[in-house]
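> This is the structure alone, sequence omitted:
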C-alpha cells in the first residue's frame, strides 16, 4: 500500500454542468445514423439537465487518506439508481474495517465509454460496474497498449491487469422492444420474430421506424453481434472469418439499411418515448428490463419484449475493482477500500440485494430465485418471458468483437450531413468561436471510413462559405479542417437562409439510401434572412418521400430558442441548449446518431 498521506478534498460525485456561452447547434434526432465511433456523454445530458458524475477535462481526480474505506463506484446510467439504493442499504449496516474505518460505498453514474477512458488515468472512482464485460475487456486491451505490452496466448499476468475480482450480480437479455400492437403485426406471440422479420417489415412499410443504439452502448453492440451471428448462421464460435464473409456482411447490411437512427442508450430512448410515444419509434433494441420498467406505469400502450428468433446476447453487469497504483498512477487503492469492495460485492449477491435487482427488472445472478412466482415482475405477464431467449448466443472473443465493431461502420447506413455554422460578429465574444472550432474538429474526427458525405455551410449576413457534400476521405477531411481553422467572426445572422440552402441541397441529392441531416449552430437572433420558417417547412413538405433530420442547439442567452425549436420541429428533430454539456462532447453525442 502507498503510505504517503493522501491530501485534498474529495470531489463531489456529481459535477456541475459546464456552462458555455453562445452558439446554437441545431440537432435533429429522428432518422439519423452515422458512421462514427463517438465517445458518448452520459445519457442524462439530453434529459432534464441532470448530469452523471463524470469529471470534465482538467478536473482533479479524487484523493483519499491512506486509511480510507470509502469506495466510489462508476456505474452504467441505467443500473446506477438501483445500485444507489443498494449502497444506502449497505452503508446503513455500518460495516467497519479492522482499523475502525466505516465502509462506505458511493455510486457515480458514468457512460461506459467515458468510464473506460477515465479508468486509464486517475479517475474519480476506484471500482466500476459497466453493463457488460465487453467494456472491461476493452479497458484491459487499452491498458496493455498504454503500458506497451502485448497479450500472449490470451493470458495477461494478474499483476498487469487494470481490474481484479470481477463479480456478476445481475443479467438482462438484449431484446427487440415493440409496442404491443406492433409486436402483434410482426407475428408475436404466435410466430418467431427475428432480425429478418424486422428487416422485411421496414422494407415493406416506409413508415416503420426502428432503432438500435450506437455500438458505444452495450445493447447496440450486443445487437450488432447478434446480427453478425444470424448472418453467419451460427449460435456460437463466431470467428473473424465468419463475420467478414461477404454473405454475412450482406445480411447485416440489409438489416442495418432499415435502421431509422442509432444514437445513445436505453435511458435516452425511454425519455423520448415518454414524451413522443408512438410518433417516435415502433420498435427499438434494449435490455429486457426496460419493458418491465415501462409497464409498471405505462404512458399509453404496453411494450413487449421480442426475443430474437436467431438468438440473443446478454448484458452481465460485472462489478470490478480498479488496481490503481500501477505504473502511471501515483495513488493506490487502500487496504480498506479493497475491503469495502469485497464486502459490497458479497452484499450484492445476498438474497435481499438479489430481490431488489429482480424488482427493478433484472434477472438476478442467484439462479435459485423463482422468476415465475410471487411478486416477481416476470410473473403473470406475457410482456416478458423468463423462459426466453430459447437460444443464447456465445460471446465472441474480444478480438472478434473488435472486428465486428470495425466492420459495422461499413455495413450500417451511410449518411449525408451538413454542418451549418454561425460565424457572425457576435461569435467574437469570449471564446465562442474557438470552442466552436474545437467542437467541429471533434465531430469531423468521429466519422469512420469514407462512406459518409459531409458538407459545411458557414454563415453570417449570408453564406460566407458553402462547401458542398463530399465523401469524407482523408483529403476532404484535411480540407474541412483547414476551413474550420480559417473561420472569422463578422456580419449579421441569416440563420434561416443558411438552413434553407443546406436543406435544399441535401434534398436535391435524392439519396434515399442514406440518412440526411443538418447540424446547425448559432448564438444570436435571426436578422437578415430572405427565407421564412414557412418557406423552410414548404421545402421539406414538397419532398414527402425524402427524410431530413435537423438537430438544433442554442448557445448563450441571446439565441432565439423559440425559432430553433420550431426549426427542429419542422425537421422532426430536437432542440438543445449548449449549456447542458461541454460543446465538444455534445458534438460527439450528435455524431453517434448517424
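All right, it came through fine. The shown structure was predicted, so the numbers you read here are calculated from the model rather than taken from an experiment.

> domain ranges for this structure?
The chain breaks down into these domains under automatic domain parsing: 51-171+316-364, 173-315+384-408, 415-591.

> possible to save these as CSV with mean pLDDT and distance to residue 372?
Bear in mind the C-beta positions are built from the backbone N, C-alpha and C, glycine included. Below are the domains of the chain laid out as CSV (pLDDT from 0 to 100; distance: least, Cβ to Cβ, whole Å):
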stretch, mean pLDDT, distance to residue 372
domain 51-171+316-364, 87, 12
domain 173-315+384-408, 92, 6
domain 415-591, 86, 40
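
> can you redo those domains as TSV with mean neighbour count and distance to residue 376?
Listed next are the domains of the chain as TSV, based on neighbours: other Cβ atoms under 10 Å; distance: least, Cβ to Cβ, whole Å:
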stretch	mean neighbour count	distance to residue 376
domain 51-171+316-364	19	6
domain 173-315+384-408	20	8
domain 415-591	20	36
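
> CSV please, covering the ones you listed and showing distance to residue 371.
As requested, the domains of the chain are arranged in CSV below (distance: least, Cβ to Cβ, whole Å):
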stretch, distance to residue 371
domain 51-171+316-364, 7
domain 173-315+384-408, 4
domain 415-591, 36
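
> how close does the residue nearest in space to the middle of the chain get to residue 107?
The centroid of the chain falls nearest to residue 264 when counting by Cα atoms, centre = their mean (3.2 Å). The span separating residue 264 from residue 107 equals 20 Å under the rule Cβ to Cβ, to the nearest Å.

> How about residue 228?
Computed as Cβ to Cβ, the residue 228 to residue 107 distance reads 34 Å.

> got it, and residue 496?
Applying Cβ to Cβ, the value for residue 496 to residue 107 is 45 Å.

> sorry, back to before: where's the residue nearest to the centre of the chain, which helix or strand?
Under DSSP states H and E, no helix or strand contains residue 264.

> next one: the one 10 residues further on
Of the helices and strands defined by DSSP H and E, residue 274 is found in helix 266-276.

> by contact count, what packs against that helix?
Here helix 266-276 touches strand 283-287, helix 289-296, going by 3 or more Cβ pairs under 8 Å, 6 or more residues apart in numbering; DSSP states H and E.

> okay if I get these as TSV plus distance to residue 95?
Below are the helices and strands packed on helix 266-276 laid out as TSV (distance: least, Cβ to Cβ, whole Å):
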stretch	distance to residue 95
strand 283-287	31
helix 289-296	28
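
> Minimum distance to residue 96: which of those has it?
Smallest distance to residue 96 across the helices and strands packed on helix 266-276 (Cβ to Cβ): 34.0 Å, for helix 289-296.

> where do the helices sit along the stretch 401-550 of the chain?
432-446, 474-485, 495-509, 533-541 (DSSP state H, counting those that start in this stretch).

> For residue 148, which of those helices is the nearest?
Closest approach to residue 148 among these is made by helix 432-446 (24.4 Å; Cβ to Cβ).

> The closest one - contacts with which helices or strands?
Counting by 3+ Cβ pairs under 8 Å, 6+ apart, helix 432-446 packs on strand 415-422, helix 474-485, helix 583-591.

> Just the helices from the stretch 251-400 of the chain, written as ranges.
266-276, 289-296, 335-348, 351-359, 398-408.

> As TSV, those helices with distance to residue 252 would be great.
What follows is those, written out as TSV (distance: least, Cβ to Cβ, whole Å):
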stretch	distance to residue 252
helix 266-276	22
helix 289-296	24
helix 335-348	36
helix 351-359	33
helix 398-408	7
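
> dump the residue contacts of residue 456.
Taking Cβ atoms under 8 Å, 6 or more residues apart in numbering, we find residue 456 in contact with 418, 419, 421, 465, 467, 480, 483, 484.

> Thank you, goodbye.
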